[in-house]
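Participant: Just need the structure, nothing else, for what follows:
(chains A and B)
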There are 2 protein chains.
Amino acid sequence: MWDVVIVGAGLSGLTSASQLLGKDAQLKILVLEGKDRVGGRTVSLKMPAAHGDDLWDLGGQWVGSTQTHVMNLIQELGLEVYPQYAEGEKVHHMGTPEAKARTYTSSLPFSSPLVLLDTTVFLWKIERLCKTVSVEDPISTPNAVQYDSMTLHTYMEQHIWTKELKQNMGICSRTLFGMEPSQLSFLYFLMFASAAGGVLPLLGTGAGSAQEFRVKGGTQQLSEKLADQIGRENILLGSAVTAIEQCNNVVLVRTATQSFACKAVIVTCPPHLAAKIQYSPALPTEKDRLAQSMPVGHLIKFIVTYPTAFWREKGFSGEIVVHASAICPFSVTFDATSPSGNPALLGFIAGEQASDWGARTEEDRRDSIILSLQKYLGPEASLFIHYEEKDWAREEFSGGCPVNIMVPGMLSFYHPSLRKPCGRIFWAGTETATLWCGYLSGAVQSGQRAALEVLGCLAPNSLSQSDREVAGASQNHPAQCRTWAATPTPYRSSTLLALTTVTLGAALLLLRPQLSRDLIGRALPFVQKAGLKQ
Amino acid sequence: MWDVVIVGAGLSGLTSASQLLGKDAQLKILVLEGKDRVGGRTVSLKMPAAHGDDLWDLGGQWVGSTQTHVMNLIQELGLEVYPQYAEGEKVHHMGTPEAKARTYTSSLPFSSPLVLLDTTVFLWKIERLCKTVSVEDPISTPNAVQYDSMTLHTYMEQHIWTKELKQNMGICSRTLFGMEPSQLSFLYFLMFASAAGGVLPLLGTGAGSAQEFRVKGGTQQLSEKLADQIGRENILLGSAVTAIEQCNNVVLVRTATQSFACKAVIVTCPPHLAAKIQYSPALPTEKDRLAQSMPVGHLIKFIVTYPTAFWREKGFSGEIVVHASAICPFSVTFDATSPSGNPALLGFIAGEQASDWGARTEEDRRDSIILSLQKYLGPEASLFIHYEEKDWAREEFSGGCPVNIMVPGMLSFYHPSLRKPCGRIFWAGTETATLWCGYLSGAVQSGQRAALEVLGCLAPNSLSQSDREVAGASQNHPAQCRTWAATPTPYRSSTLLALTTVTLGAALLLLRPQLSRDLIGRALPFVQKAGLKQ
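Facilitator: Next up, the predicted model:
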């Protein structure tokens, strides 16, 4: 008889285990993991590099200063971070493969004042909406039903005028979610951004952004060190959970060959995998339906190591942003030089491109990637030391990366069941986080919250008042936040006025290039501040 | 060692088994079913009625003359159909519960010429689009990516002017899919309608419509009679499949306690349940992703038996169409009097209302339903003999009803994997049909097609040329129909022109009521013909 069984030895599950043991070292905790390793969607791999072998992350790798949950954990575990290299010119290639690739140094790319204006206005609208979103209870957001009834694509069609910004947003959606804008609920997009403090923090490499820091020695260390703390004997690898049965306050957790009785279970695996477990009694309808409506993204990550950081020498940052084409598999690349100075680039094949390129051979992908790197950064790109890639869709107990999204019309009905415990089953995993949901930090936050919920159930007296508040938050949400009476109301805005003003402004700027450059200089920091201030 | 194992003893699986044995009586066929009965989403139940006990269908119940696959099967099995009673006045209650309920006898409800015009124009647009849809290869439809990038709700917002039509379409979506318009891909909606010959055939009770006939003795008989033909000893009930393993042309199909080796397997269960099976080797990424993006609808069906068909005596057809409100749980009701003359009404609590009312007690639902029936049909409605209901979301090996839909952005990427065999795993179930997909007839069609595919694999010489064509159809589709190059193009139409014309027309009609009535008389048959002609 165990006290708590945790399903999944990713960052979320191991955080739960560590938090539980931190509160009561006597607890008998067992972690069951389908994979043959800990770390979930983080994995660090040794590969040949300029100065011998070195480590790179083939999964989640970035953290940021506003991601307090993971930053605190990094500190507690005695690990260090270092900034993402972002100096120099970035490459931006929109339109057809034949179109001219441009370079830029600002935080957002644009090829004309009109695109900049479009970007500024669009981001301003989105950031304003983000501020109205309740991540804990998204359906209480003004116009929630309306925004959940449309895809991100539909909102873009209604509010973006330039093809370039649409393409840029397509790249954002692909790399943030591994999904196209046509696949996301717009309300989910707002909620996701809101949990990160806005859209701009999601996109940048600056202070407070999602791509601010990397972890020295790789992010899988977080899980490895937690696993050491918990005790490896309490973690069973290669043990995928197939069934969870609750009866008289005892929970039976089954794998293909074993079963474990416990007082409570925390399920931390991605929602589409949690949906494959057989529950008895069956989960509430809402929970079952939510799991059916949270598909996982598709992301292939690659790392290329080089003898020298030739791009830095040429004044490039290593950041390339490319619109999907038949020639170039990736959407973005970044400098990935290791803290010990081994030069490397990393990139993502994402969303629809991952479907397409994922069906080809590794050689095909590698050759096309190297050709594209040559095109954008110079012929030196052909002289790589090692190419490594990971298609997360092919990893059985992940099935995709970076995150499970929500499709339209589901937040409205089923969201309250996301975190709500079902008897003695508690839910964690980065998808259930309210801060930096979808990121490492969200995994940590959700793991801590679920651990407190379990303690609130098993040993309520062991919790402080603040712990109790965290633990109670999920239970307090009503099972059904929305009633059928809340039919979608049409979206109303001062769009016409805004359109007229901005069109006139754009016309003026196109006629007076110097004025436009001045304004761009002033507008960008404003937009950035607006995003980061929250 | 079995020749073929079939997962699911619904109409699709049993049709497959019967078709296989029809082609070669020597084949060893095993059908595995999780439920303790055959029939899948059809179930016929005996309940107290005016003249003793009688049978009613608590699942799929209607067939129509254009549903050739199921109509042929009904004839082969020696069963009979009888028309859905639809004479007399229908009740139509839109807006708030306080609004006036109206009655109508036309095939489509409308409270003003403006709503009729709106309905006519909207249906004309949709029917025109349906004609352009390829059900076999939806992504080849003009503007496919654009239509798949939006929800049905978004299309409605863009093309419907009157609140009443929006509410009517909401009811259609709820009862056809058990889903709100915000939850469906618009392209999926078009494909579904196109597979039925248009939108109007989906809605009506007339010739060629989805609700044209009922089956004497209930639809579960189809499965019962097929099961008798196949041999009950070849059907294992209470045997849910948990894993399917392929190795060297042998397929191992596992339940919790047994495993069966065979040469080929046909999976006929709904996509979200097929997704819970553990496959080894793993299914192709596209197939896995499609299954993650096909949630099942939510439908609660109820039957109320009465001593007399008092509504008929009062001139009502028994058809009530009600906009969602806090008071009335159902969206629609129909006359359900049995062929032996036992009076009854049936109705559906669907979509969002099913989420809401499904969480309450059966007594709550029953009392509210009876109160609403009293309100619309008269005080006699309180004197019922028996109330019976079935919440399909609570049936473990269905999880919902009537059909699994497709969410936005998924048809574009993953549709080719819907029917494409994975090694020796073949796919059936009404969701995979190309004619009357989502209906009994689609279940039969898909079962027959999958059986021919299996024979094409195991014994190609046993097939005729026409059989071979049916069997080859699924394999011929490319694994990836769409490339990233096909970015969504904005929807273009002569909307402005149409709007102006129709607005002027509506103004004219509002001024001259007699002209409007004449036109209505002429427009309706035209719209209906346009729908049925295909």
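
Participant: Which parts of the stretch 201-350 of chain A are strands?
Facilitator: Ranges of strands in the stretch 201-350 of chain A, per DSSP state E, counting those that start in this stretch, are A:213-215, A:235-236, A:241-247, A:250-255, A:259-267, A:278-280, A:299-305, A:316-322, A:332-335, A:344-350.

Participant: With the stretch 351-500 of chain A instead?
Facilitator: A:386-391, A:425-427.

Participant: and the first one with strand A:344-350, angle?
Facilitator: Relative orientation of strand A:386-391 versus strand A:344-350 (axes from the mean of the first three to the mean of the last three C-alpha atoms, to 10 degrees): 30 degrees.

Participant: Among the strands of the stretch 201-350 of chain A, show the one with the smallest mean pLDDT.
Facilitator: Ranked by mean pLDDT, these bottom out at strand A:278-280, with a mean of 93.

Participant: Please enumerate residues in contact with it?
Facilitator: The contact list for strand A:278-280, computed with C-beta atoms under 8 Å, 6 or more residues apart in numbering or on different chains, reads A:242, A:243, A:244, A:245, A:246, A:422, A:425, B:242, B:276. Any C-beta I mention is one placed from the backbone N, CA and C, and that applies to glycine too.

Participant: ranking the strands of the stretch 351-500 of chain A by burial, who's on top?
Facilitator: Neighbour counts (mean count of other C-beta atoms under 10 Å in any protein chain shown) averaged over each of these peak at strand A:425-427, with a mean of 24.

Participant: so how far is it from its chain's centroid?
Facilitator: Its chain's average C-alpha position is 21 Å from that of strand A:425-427, according to C-alpha atoms, centre = their mean, to the nearest Å.

Participant: residue contacts, the residue lying closest to residue A:8 once chain neighbours are set aside?
Facilitator: Once flanking residues are discounted, residue A:8 sits nearest to residue A:268: 3.8 Å by C-beta to C-beta, 6 or more residues apart in numbering or on different chains. For residue A:268, the contacting residues are A:6-8, A:10, A:12-13, A:16, A:427-429, A:446-447, A:450, by C-beta under 8 Å, 6+ apart.

Participant: swap in residue A:202?
Facilitator: Residue A:202 makes contact with A:172, A:176, A:192, A:193, A:196, A:209, A:210, according to C-beta under 8 Å, 6+ apart.

Participant: Which of the residues you listed fall in helices?
Facilitator: The helices, defined by DSSP state H, take in A:172, A:176, A:192, A:193 from the contacts of residue A:202.

Participant: Which members of the residues you listed are the farthest-apart pair?
Facilitator: A:172 and A:192 (11.3 Å; C-beta to C-beta).

Participant: who has more neighbours, the two?
Facilitator: Each of residue A:172 and residue A:192 has its neighbours counted (other C-beta atoms under 10 Å in any protein chain shown); residue A:192 has more, 27 against 19.

Participant: Distance check, the more buried one against chain B.
Facilitator: Remark: distance between residue A:192 and chain B (C-beta to the nearest C-beta, to the nearest Å) = 16 Å.

Participant: surely that residue meets residue A:438?
Facilitator: Yes. Between residue A:192 and residue A:438 there is a contact under C-beta atoms under 8 Å: 6.1 Å.

Participant: what do the two both touch?
Facilitator: Residues touching both residue A:192 and residue A:438 (C-beta under 8 Å, 6+ apart) are A:176, A:177.

Participant: how close does the nearest residue to residue A:203 once chain neighbours are set aside sit to residue A:151?
Facilitator: The shortest distance from residue A:203 to any non-neighbouring residue, by C-beta to C-beta, 6+ apart, is to residue A:172 (6.3 Å). Using C-beta to C-beta, to the nearest Å, residue A:172 is found at 14 Å from residue A:151.

Participant: Now do the same contact list for residue A:366.
Facilitator: Contacts for residue A:366 (C-beta under 8 Å, 6+ apart) come out as A:302, A:387, A:389.
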